[in-house]
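A.B. asks: I would like the atomic coordinates for the input below:
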Amino acid sequence: VVSTVSILGDMIKNIGGENIDLTTLVGPNGDAHVYETKPSDAKALSGANVVFINGLGFEGWINRLVKSSGYKGKIITATKGVNKLEVGGEIDPHAWQDLSNGRIYINNIKNALLEADPKNATIYLKNFKEYDAKLISMDATTRGLFKKIPTEKRIVVTSHDAFLYFGRSYGIDFRSPVGVTTESEPSAGELAALITEMREDNIRALFAENISDPRLIKQLAREVNASIGGTLYSDALSDKGEPASSYLKMFNHNVNELVSVLSK
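C.D. replies: Next up, the predicted model:
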């Protein structure tokens, strides 16, 4: 099995367990927006039974890689069926930032593994049910935590627009100097407009991201005399031993970081 990115790979591993041999192309702390494929990636695809992608334009390089690898098998789009968000005419690919979407991801993964390897169906179904229950529980807990924070205090600035699904689902107003991809850069006018917004709305919750250069967020913090709340994990998991080495740990870490700052 091949997964394009680490968050998706962790979901697959939770359902497939020891019955799959998983290769993840963009590893921990990697930025899939600007990823450059390697010969080993094409080799991994050429030997795969199933390939999972996030879709929604997240892996702009995937079609070229599939073509160069000669892979002829199934490509499973894990986001099939999610309620998509559009930002400035672009589809936001970061659908995993809403746990109800995470449940759609793992259902698509489960169905694909059942089809590819029916002899281990019982194991995949058991793993899916256990994992799905954890996502349901964390979703309920997350909603409860943010409901305690007044709406007017739930405004956050991050490095790029990676948390809009999170914001829609849990009632947080996320703003950013950069759009849904880290490939874009803000103009001087866009930065100035955001700084004006931050001053007018008294926004003090700023967060860097694990995949992004923190200089832009540091500049914004200086402009409005605010401190940076910490690191949020947006597009990739952390390495093992760091706080976001799985999808659930990532989500829990981000929630705790946000609640800690917004509650003050």
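
A.B. asks: residue contacts, residue 217?
C.D. replies: Residues in contact with residue 217 (Cβ atoms under 8 Å, 6 or more residues apart in numbering) are 157-159, 206-208, 228. For the C-beta atoms, the positions are set from N, CA and C on the backbone; glycine is no exception.

A.B. asks: 7 Å - rerun?
C.D. replies: Contacts for residue 217 (Cβ atoms under 7 Å, 6 or more residues apart in numbering) come out as 159, 206, 208, 228.

A.B. asks: Report the beta-bridge partner residues of the last one.
C.D. replies: Taking DSSP bridges as the rule, residue 228 bridges to residue 206.

A.B. asks: Distance of it relative to residue 254?
C.D. replies: Distance from residue 228 to residue 254, counting by Cβ to Cβ, to the nearest Å: 15 Å.

A.B. asks: the longest helix in the chain is where?
C.D. replies: helix 121-147 (DSSP state H).

A.B. asks: what comes up buried for that helix?
C.D. replies: 123-124, 127-128, 131-132, 135, 138-139, 142, 145-146 (16 or more other Cβ atoms under 10 Å).

A.B. asks: pLDDT wise, what is residue 228 at?
C.D. replies: Here, the pLDDT recorded for residue 228 equals 86.

A.B. asks: Does it touch residue 209 like I think?
C.D. replies: No. Residue 228 is beyond contact range of residue 209, at 10.9 Å (criterion: Cβ atoms under 7 Å).

A.B. asks: More neighbours: these two, which one.
C.D. replies: Neighbours were tallied for residue 228 and for residue 209 using other Cβ atoms under 10 Å; the higher tally belongs to residue 209 (22 against 16).

A.B. asks: Need phi/psi at the more buried one.
C.D. replies: Backbone torsions of residue 209, given as degrees, to the nearest 10, read phi -120, psi 150.

A.B. asks: who's in contact with it?
C.D. replies: Neighbour list for residue 209: 158-160, 162, 231-232, 234 [criterion: Cβ under 7 Å, 6+ apart].

A.B. asks: Sort the residues you listed by pLDDT and name the bottom one.
C.D. replies: Among those, residue 160 carries the weakest pLDDT, at 77.

A.B. asks: What helix or strand is that residue located in?
C.D. replies: Using DSSP states H and E, residue 160 maps to neither a helix nor a strand.

A.B. asks: For residue 11, see how far away it is.
C.D. replies: Counting by Cβ to Cβ, the gap from residue 160 to residue 11 is 22 Å.

A.B. asks: ok, now residue 54?
C.D. replies: Here residue 54 is placed at a distance of 10 Å from residue 11 (Cβ to Cβ).

A.B. asks: and if you look at residue 110?
C.D. replies: Taking Cβ to Cβ, one finds residue 110 at 10 Å from residue 11.

A.B. asks: Of those two, which one has the most company?
C.D. replies: Between residue 110 and residue 11, residue 11 has the larger neighbour count (other Cβ under 10 Å), namely 25 against 22.

A.B. asks: if we take the contacts of residue 209, which one ends up nearest to residue 40?
C.D. replies: Closest approach to residue 40 among the contacts of residue 209 (Cβ to Cβ): residue 234, at 25.2 Å.
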